[in-house]
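Asks: fold the stuff below for me.
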Amino acid sequence: MRRVVVLTALLALVAVSPAGAARPGYAWHDTSTGTTAHFRGLAAVSETTAWVSGYTPTDGVVMRTTDGGATWQDVSPPGAAGLQFRDISAFDANDAVAMSIGNNTTDFRIYVTHDGGQSWALTFVNSEPTAFYDCMSFFNRKDGLAISDPPDGVHFRVIATDDGGMSWHVTGLDMPAAPGAYGFAASGECLTTDHGHRAWFGSGGTEASIFRSDDRGVTWTKAPTPLLVGPTAGINGIAFNGQNRGIAVGGDFLLPTASPDSFAQSFDGGSSWNLAPGAPAEYRSGVTWVDGHTAIAVGLSGSDVSTDFGATWQPFDDGSLDTVDCARPTACWGSGASGRVAYLVRTP
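Replies: Numbering: from 1, shown residues only. Predicted structure coming up:
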């Protein structure tokens, strides 16, 4: 599978700095996970509780903290050999949904736990040989979506749940055509929701487009973006502040420090997009809103903060992170390679 191999090989291309160089304003406080797993999936629940999902060279890994990162528990589903848990959604310390990918058709799976990872139910196993599930997102505890690359090479596949991930069905049957396009399973953030009825996901490959649904995935429209596009470039992360103000990040993950046109803004719910004028020319895989005007973006070469709705950005860490998530302004977490998981702190 093209991106299982390519994305896993990134560690050979980019040196990972676990601590980074903090600057005034914001900084990451690293926690000790006791593992070198690569954590591409992250779900921030609160200041004390977070879940991460990822993989070692041999096994899929899910971990959880309930004490602010002081300790982490390995709560990986059984039978995870050969899997890579690329995304996780969590609603509290007990309830979570994890999504895996792998080199085999049936490695694309979804697991659900209601007891903090002590036990897991396997609720979806892919049977489509040409499907590749990239990311998922939930509107609430019950309703969620997951996105696959186009199994027919033209139309993205969308599956939906209305029972918290316990069952899934195909939806979005009139998806706009996107020949040769695909998503990126880099951060679990290529799909996002507004916790109402609207959802967005992004593509790369032949086009860097944003797809939008106003009815929880049943119907979709498509809008172009000016973001860098190519075989290893496109939209990796999307975050919306309400229904109108959005940020999309991406770039070329093989050129992490030389990726222009990697940040875009929308002010009309994703119908149109413009390049952010004050953004770094670097690849970023994850983005989230901290509050109504502050956003954080992360990637292989560092982290940036914007305090003006995504127009301009300032670097504050030069370590590698793949994904970022905020449960509230005081509960932001980031995760990435070499077992790195950190929480955001304000600095003088």
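
Asks: OK, contacts around Asn104?
Replies: By C-beta atoms under 8 Å, 6 or more residues apart in numbering, Asn104 lies in contact with Gly82. C-beta here means a position set from N, CA and C on the backbone, and glycine is covered the same way.

Asks: and it, backbone torsions?
Replies: Main-chain torsions, Asn104, degrees, to the nearest 10: phi -120, psi 150.

Asks: average pLDDT across stretch 79-95?
Replies: Average pLDDT, stretch 79-95: 98.

Asks: show the end-to-end separation of that stretch, please.
Replies: 20 Å (C-alpha to C-alpha, to the nearest Å).

Asks: just stretch 280-288 next, same as before
Replies: Termini of stretch 280-288 sit 16 Å apart (C-alpha to C-alpha).

Asks: which positions in it come out as buried?
Replies: By 16 or more other C-beta atoms under 10 Å, the buried positions in stretch 280-288 come out as Pro280, Glu282, Tyr283, Arg284, Ser285, Gly286, Val287, Thr288.

Asks: can you check stretch 206-215 too?
Replies: Within stretch 206-215, the residues scored as buried using 16+ other C-beta under 10 Å are Glu207, Ala208, Ser209, Ile210, Phe211, Arg212, Ser213, Asp214.

Asks: residue contacts, Thr221?
Replies: Applying C-beta under 8 Å, 6+ apart to Thr221 gives the contacts Pro176, Phe211, Arg212, Ser213.

Asks: look at it and report its pLDDT.
Replies: The confidence metric pLDDT takes the value 98 at Thr221.

Asks: Asp215 versus that one, what's the distance?
Replies: Using C-beta to C-beta, to the nearest Å, Thr221 is found at 11 Å from Asp215.

Asks: could you do Pro57 as well?
Replies: Noted for Pro57: a distance of 41 Å to Asp215, by C-beta to C-beta.

Asks: and what of Ile238?
Replies: Going from Ile238 to Asp215 by C-beta to C-beta gives 18 Å.

Asks: so Ala160 is in which element?
Replies: strand 157-161 (DSSP states H and E).

Asks: ok, and what's touching the next helix-or-strand element following that strand?
Replies: For strand 157-161, the following helix or strand on the C-terminal side (DSSP H and E) is strand 169-171. Residues outside strand 169-171 that contact it (C-beta under 8 Å, 6+ apart): Leu145, Arg157, Val158, Ile159, Ala160, Thr161, Gly217, Val218.

Asks: closest one to Val341 out of the residues you listed, please.
Replies: Distance to Val341 across these (C-beta to C-beta) is lowest for Leu145, with 25.6 Å.

Asks: dump the residue contacts of the closest one.
Replies: By C-beta under 8 Å, 6+ apart, Leu145 lies in contact with 136-138, 158-161, 171, 191, 193, 199, 216-217.

Asks: among these, who's most crowded?
Replies: Ranked by neighbour count (other C-beta atoms under 10 Å), the contacts of Leu145 have Ala199 at the top, with 30 neighbours.

Asks: that residue against Ile210, yeah?
Replies: No. Ala199 lies out of contact with Ile210 (C-beta atoms under 8 Å); the separation is 10.7 Å.

Asks: pLDDT score for Arg328?
Replies: pLDDT for Arg328: 96.

Asks: for the nearest residue to it once chain neighbours are set aside, give its distance to Arg141.
Replies: Using C-beta to C-beta, 6 or more residues apart in numbering and skipping the chain neighbours, the partner closest in space to Arg328 is Ser46 (7.6 Å). The gap separating Ser46 from Arg141 is 15 Å, by C-beta to C-beta.
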